[in-house]
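A.B. asks: From the sequence below, what's the structure:
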Amino acid sequence: MHGPQDRAAINTRYVLPVIGIAGFATALVARAVDPVVLPIAEDLAVSPKSVALLSTAFALPFALIPPILGPISDMVGKVRLISVCLVLLTATGLISTFAPNFEVLLGSRIVAGMAAGGIFPIALALVGDLVRLDERQVAIGRHVGIVMMGNLLGAIAAGAIADLFGWRGVFAVLSAFGALAFVMLVLRTRSVSLPKPAPFNLKSVRTSYRTILKNPRAKICYATVFVEGAAVMGIFPFVALLLLAAGETRASITGLVIAGFGLGSVAYSFFAGRMLSWFRPLQLVSAGGVLAGLALGAVAITPPWPVQILLFTAVGFGFYMLHNYIQLTVTELNPNARGAAMSLHATSFFLGQASGPVLYGLGIAIIGATGSILIGGLAMLLVGLFAARLLGRTA
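C.D. replies: Residues are numbered from 1 along each chain as shown. This is a model prediction of the structure:
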């Protein structure tokens, strides 16, 4: 038998790292397609704008499935559900590798989004279960840092692999990494004592969600992450097209530009503890929104790609200054149903991410890329300021 301190040490040493690796695999799958929009379009004889919607095909089921899987994870066990979803993620990677046409690739991305929806929010809920409140914001920041390494390396590696071996090689690597994450999770957690799941009771699901949504902070958090997903994540599928308009055709450069966002997010995870000792959390919320909004607005003038890397790095840093506190707040909306609370968080965020490419696509067609990106930057700036003010009132 392990005492509370021993159990906490075991969780920190064995469980949290492999949870991070599972999230890392999810991030690889989520972002690796963006740099290869043009090669896929050329090979499968479809328009780049249609291929850009693969982001929505992934993000929409990612957004819609968590409210179902979250309560299930509370009842059957979070590690067990994450393991099943990693198997699905691996299988969809193989299907995408050998997809004979765009329709098969589209279908595999939809299933991959459903699988990812059972990994990322459930992993965050598990961090909430394992780490006490006064240490949780830093732990979440570190977990997100590992996940964002997937965004960082996924975008870079996808561009490089596509230039060397074609876009199908990207999906083969994704599948292999999903399998590796599954094996590591099973081996590391099979002999570890984890929190016991709640009794299986479907009636409790409605009660859990009602309790969460009655909390006035819930609406603020969920609305904030929706805007974040649309304004920031929605621009990524169009980075290749924006660079193409400037004469840059290399997928590897697109990957580097998108990876700037991941680099900024990882940088924040390293400095999160120190910044929280210097500033109050709500100060970071407002400052993060302003930084991300101004940097995104600067992208609108389409500077050279090395400058865009720096700007997307600033967007990523500011984004997670804001987002990290929202995640912490959501873990405490209903401590008895963290899987459900984090699932609604994921649904809101990825509905925003799924809406983003559509909104940016319409904006680019109607008012042009510059105006559309400026609106996205303004949205981030305002959401940071309003979220800090409203969360301060409901503290």
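
A.B. asks: Just give me the neighbour total for residue 306.
C.D. replies: 11 (other Cβ atoms under 10 Å). C-beta: built from backbone N, CA, C; applies to glycine.

A.B. asks: for it, helix, strand, or coil?
C.D. replies: When classified by DSSP: H, G, I helix; E, B strand; the rest coil, residue 306 comes out as helix.

A.B. asks: what's near enough to touch it?
C.D. replies: Neighbour list for residue 306: empty [criterion: Cβ atoms under 8 Å, 6 or more residues apart in numbering].

A.B. asks: Leaving out chain neighbours, which residue sits closest to residue 147?
C.D. replies: residue 23 (3.9 Å; Cβ to Cβ, 6 or more residues apart in numbering).

A.B. asks: so that neighbour makes contact with residue 123?
C.D. replies: Yes - taking Cβ atoms under 8 Å as the definition, residue 23 is a contact partner of residue 123 at 4.9 Å.

A.B. asks: joint contacts of those two?
C.D. replies: residue 143.

A.B. asks: shaky segments in the stretch 201-350 of the chain?
C.D. replies: 201-203 (pLDDT under 70).

A.B. asks: picking up where we left off before, helix, strand or coil for the residue nearest to residue 147?
C.D. replies: helix.

A.B. asks: what's next to stretch 240-251, contact-wise?
C.D. replies: Outside stretch 240-251, the residues touching it (Cβ under 8 Å, 6+ apart) are 34-39, 48, 52, 158-159, 162-163, 253-254, 257, 302, 304-305, 369.

A.B. asks: So for that stretch, what gets flagged as buried?
C.D. replies: Buried positions in stretch 240-251, judged by neighbour count with 16 or more other Cβ atoms under 10 Å: 240-243, 250-251.

A.B. asks: for the stretch 1-150 of the chain, which spans come out with low pLDDT?
C.D. replies: 1-14, 31, 134.

A.B. asks: The same query, at a cut-off of 50, please.
C.D. replies: Applying pLDDT under 50 to the stretch 1-150 of the chain flags residues 1-6.

A.B. asks: and residue 36, what does it touch?
C.D. replies: Residue 36 touches 158-159, 162, 167, 170, 251, counting by Cβ under 8 Å, 6+ apart.

A.B. asks: how close does it get to residue 60?
C.D. replies: Distance, residue 36 to residue 60, by Cβ to Cβ, to the nearest Å: 20 Å.

A.B. asks: With residue 242 instead?
C.D. replies: 23 Å.

A.B. asks: Reformat the buried residues of stretch 240-251 as a markdown table; add secondary structure and distance to residue 232.
C.D. replies: Formatted as a markdown table, the buried residues of stretch 240-251 follow (DSSP: H, G, I helix; E, B strand; the rest coil; distance: Cβ to Cβ, whole Å):
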| residue | secondary structure | distance to residue 232 |
| --- | --- | --- |
| 240 | helix | 17 |
| 241 | helix | 17 |
| 242 | helix | 15 |
| 243 | helix | 18 |
| 250 | coil | 23 |
| 251 | helix | 21 |
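
A.B. asks: so, if you compare those, which one comes nearest to residue 219?
C.D. replies: Distance to residue 219, by Cβ to Cβ, is smallest for residue 242 among the buried residues of stretch 240-251, at 33.9 Å.

A.B. asks: what about that closest one, distance to residue 220?
C.D. replies: Following Cβ to Cβ, the distance that separates residue 242 from residue 220 is 32 Å.

A.B. asks: what do you get for residue 343?
C.D. replies: Counting by Cβ to Cβ - residue 343 and residue 220 are separated by 17 Å.

A.B. asks: Who has more neighbours out of those two?
C.D. replies: residue 343 (31 against 20).

A.B. asks: so how far is residue 80 from the more buried one?
C.D. replies: For residue 343 relative to residue 80 (Cβ to Cβ), the value is 16 Å.

A.B. asks: re earlier: need the contact list for the residue nearest to residue 147.
C.D. replies: By Cβ under 8 Å, 6+ apart, the neighbours of residue 23 are 119-120, 123, 143, 146-147, 150.

A.B. asks: go on, residue 378?
C.D. replies: Residue 378 neighbours (Cβ under 8 Å, 6+ apart): 293, 297.

A.B. asks: Any idea how far the helix or strand harbouring it is from the middle of the chain?
C.D. replies: Element membership of residue 378, judged by DSSP states H and E, is helix 368-393. Centre-to-centre, helix 368-393 and its host chain are 19 Å apart (Cα atoms, centre = their mean, to the nearest Å).

A.B. asks: Buried residues of it, list them for me.
C.D. replies: Taking 16+ other Cβ under 10 Å as the criterion, helix 368-393 shows 369, 372-377, 379-381, 383-388, 390-391 as buried.
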